[in-house]
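**Q** return atomic coordinates for the entry below.
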Amino acid sequence: MLSIQNLHARIGDTEILKGLTLEVKPGEVHAIMGPNGAGKSTLSYVLAGREGYEVTEGSVTFDGQDLLAMEPHERAAAGLFLGFQYPVEIPGVSNLLFLRTAMNAQRKLRGEPEISGADFMKRVRAEAAVLGLDIEMLKRGVNVGFSGGEKKRNEAFQLGMLEPRFALLDETDSGLDIDALRIVSEGINRFRRPDRAVLLITHYQRLLDHVRPDRVHVMAAGRIVASGGPDLALRLEAEGYEGIAA
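**A** Purely as a prediction, here's the structure:
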């Protein structure tokens, strides 16, 4: 589904990704762990098409398409979803308006009809109930007045509503208490299907206790330096990155 080959990327004159290679197949959940400054968030931004990041070498294909040749909105319509490490606030734009506009924009690019108001609200109520989000909260500006945990639950809500094919989640467990971590993890597990895939970026084993990955990768100095099964995350928890990421 996602194939990254020898990816190099920089910001200005600073090279951050230095030959990263990764394959994620349909139905799989992969986790990337690594020390601060390893390039994990840069990888997510490059895949999503954020401005300011220049790819200097390598390739990325998504479902056989050249992902790097696509504009950000085209990547989203193709099925790529980015959950931010630090979700932003958008005052004056309600969560519901934002989400319905995004859904219909993607549907238009795919040649699909717009979702009706009734069908949209039916789905909103179902997803909000699962994630413990109050409908009145979703009428506020995007993430305005939300706690850190509420922002992450809101992103899990967006994931469930948009139903992308590939979820790229950048430290979705950051700032979550025990209950919020369980709720967000349940949202991720509900998303799992044979025709979808997930790439989790995380610092902590605790998320992987709830969302069991198929593969765990260690990233350091802009590339993948070790890969293994879920036991690799347990080893990192016990030993740290020194030695593994050397």
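
**Q** poorly predicted segments of this protein, please.
**A** Confidence mapping of the chain against pLDDT under 70 gives the ranges 175, 243, 245-246.

**Q** let's see that with 80 instead.
**A** Scanning the chain for pLDDT under 80 picks out 85-86, 148-149, 172-177, 179-180, 183-184, 203-204, 241-246.

**Q** where do the strands of it begin and end?
**A** Assigned by DSSP state E, the chain shows strands spanning 2-11, 14-24, 29-33, 54-62, 65-66, 80-83, 90-94, 141-142, 166-170, 197-201, 215-220, 223-228.

**Q** what would those look like in CSV with distance to Asn104?
**A** From N, CA and C alone the C-beta is placed, and that goes for glycine too. Listed next are the strands of the chain as CSV, based on distance: least, C-beta to C-beta, whole Å:
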stretch, distance to Asn104
strand 2-11, 26
strand 14-24, 28
strand 29-33, 29
strand 54-62, 22
strand 65-66, 22
strand 80-83, 16
strand 90-94, 15
strand 141-142, 16
strand 166-170, 20
strand 197-201, 25
strand 215-220, 35
strand 223-228, 37
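
**Q** out of those strands, which gets nearest to Glu114?
**A** With distances scored as C-beta to C-beta, the stretch of those nearest to Glu114 is strand 90-94 (17.8 Å).

**Q** can you give the strand pairings for that closest one, parallel or anti for each?
**A** Sheet pairing of strand 90-94 (DSSP bridges) gives strand 141-142 (antiparallel).

**Q** ok now the strand it pairs with, how far from the chain's centre?
**A** In terms of C-alpha atoms, centre = their mean, to the nearest Å, the centre of strand 141-142 is found 20 Å from the chain centre.

**Q** cool, and stretch 210-227?
**A** The answer for stretch 210-227 is 15 Å, by C-alpha atoms, centre = their mean.

**Q** cool, and stretch 65-75?
**A** Counting by C-alpha atoms, centre = their mean, stretch 65-75 is centred 16 Å from the centre of its parent chain.

**Q** what does stretch 136-154 give?
**A** The answer for stretch 136-154 is 18 Å, by C-alpha atoms, centre = their mean.

**Q** now swap in stretch 15-25 and tell me
**A** 16 Å.

**Q** before we move on, what about stretch 90-109?
**A** Its chain's C-alpha centre and that of stretch 90-109 lie 18 Å apart, by C-alpha atoms, centre = their mean.

**Q** Glu239 versus Leu138, what's the distance?
**A** 42 Å (C-beta to C-beta, to the nearest Å).

**Q** ugh, typo on my part, it should be Arg196
**A** Taken as C-beta to C-beta, the span from Arg196 to Glu239 is 32 Å.

**Q** the two: which is more packed in?
**A** Between Arg196 and Glu239, counted using other C-beta atoms under 10 Å, Arg196 has the larger neighbour count: 19 against 10.

**Q** now that one: closest residue in space that isn't a chain neighbour?
**A** Arg165 (5.4 Å; C-beta to C-beta, 6 or more residues apart in numbering).

**Q** count of neighbours near that neighbour?
**A** Neighbours around Arg165, by other C-beta under 10 Å: 17.

**Q** residue contacts, it?
**A** Residues in contact with Arg165 (C-beta atoms under 8 Å, 6 or more residues apart in numbering) are Met1, Asp63, Ala78, Gly79, Leu80, Asp195, Arg196, Ala197.
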